[in-house]
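Undergrad: Fold the following, please.
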Amino acid sequence: MCSSDLEMRARIAAHQAQRPAGWQTVEAPLALAEALAAADGPQRLLLVDCLTLWLTNLLLADLPPELDLDSVRALQPGPRWQAGRAALLAVLPRLQAPVLLIGNEVGHGIVPLGAVNRLFVDESGRLHQALAAECARVRFVMAGCVLPLKG
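TA: Have a look, this model is predicted:
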C-alpha cells in the first residue's frame, strides 16, 4: 500500500477482515495487471476490490513529493498511471477467469476543490468508461439496489 494515512490503513484492514476465510487474496497496490495475470487460470474467479484505491495509489505515485498541492492549478496523469491503465485494459481480454471489477462512483457530486481531486475524479471516470466498453456486463449499485447499465 502506498498510503501512509493511518485512517486509510485502518479502513483497509477492516475491509480485509470481512473477507471469507477461504478466499485467496493478493494485495496489488500498483501492479494490478501483473497480479491478475499471475492469479489467472481455469476454475478461478478474480475479484478486484477496488479500482478506486488502485487509481489513487498510481496517481499519487506519479506526484513528486515536493509538489505544493495548494498552488497547483492543473495536473495531467503521470506515466505510472498511464502505463498501469494501459496494462489493465490490455490484460483483461487475455484472462481465462471471469473478473469482477469494483470501483466507487465519484463523479456524481460537485466539481471537487483542488487539482489532485479533480484529476482523480476525471481519471476515475475515464477508467470506468474504458472498462465498461470492454466488459460484457456492467452494474451500478447504490444503496443496495442494482441497476443494470450493460448486458
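Undergrad: quick one: contacts for the most centrally placed residue in the chain?
TA: Against the mean C-alpha coordinate of the chain, by Cα atoms, centre = their mean, the closest residue is residue 51 at 1.5 Å. Applying Cβ atoms under 8 Å, 6 or more residues apart in numbering, we find residue 51 in contact with 101, 102, 103, 104, 124, 127, 128, 131. Where C-beta positions appear, they are placed from N, C-alpha and C, glycine not excepted.
Undergrad: mind running it again at 10 Å?
TA: Contacts for residue 51 were tallied using Cβ atoms under 10 Å, 6 or more residues apart in numbering; they are 32, 88, 101, 102, 103, 104, 124, 127, 128, 131.
Undergrad: The helix ranked longest in the chain: which residues count as buried?
TA: In terms of residue count, the longest helix belonging to the chain (DSSP state H) is helix 115-134. Neighbour counts over helix 115-134 (16 or more other Cβ atoms under 10 Å) mark 115, 116, 119, 120, 121, 122, 123, 124, 127, 128, 131 as buried.
Undergrad: Next, format those residues as JSON lines and append distance to residue 77 and pLDDT.
TA: Converted to JSON lines, these look like this (distance: Cβ to Cβ, whole Å; pLDDT from 0 to 100):
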{"residue": "115", "distance to residue 77": "12", "pLDDT": "87"}
{"residue": "116", "distance to residue 77": "12", "pLDDT": "89"}
{"residue": "119", "distance to residue 77": "7", "pLDDT": "92"}
{"residue": "120", "distance to residue 77": "10", "pLDDT": "94"}
{"residue": "121", "distance to residue 77": "12", "pLDDT": "95"}
{"residue": "122", "distance to residue 77": "9", "pLDDT": "94"}
{"residue": "123", "distance to residue 77": "6", "pLDDT": "96"}
{"residue": "124", "distance to residue 77": "11", "pLDDT": "96"}
{"residue": "127", "distance to residue 77": "10", "pLDDT": "97"}
{"residue": "128", "distance to residue 77": "15", "pLDDT": "96"}
{"residue": "131", "distance to residue 77": "16", "pLDDT": "97"}
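Undergrad: That'll do, ta.
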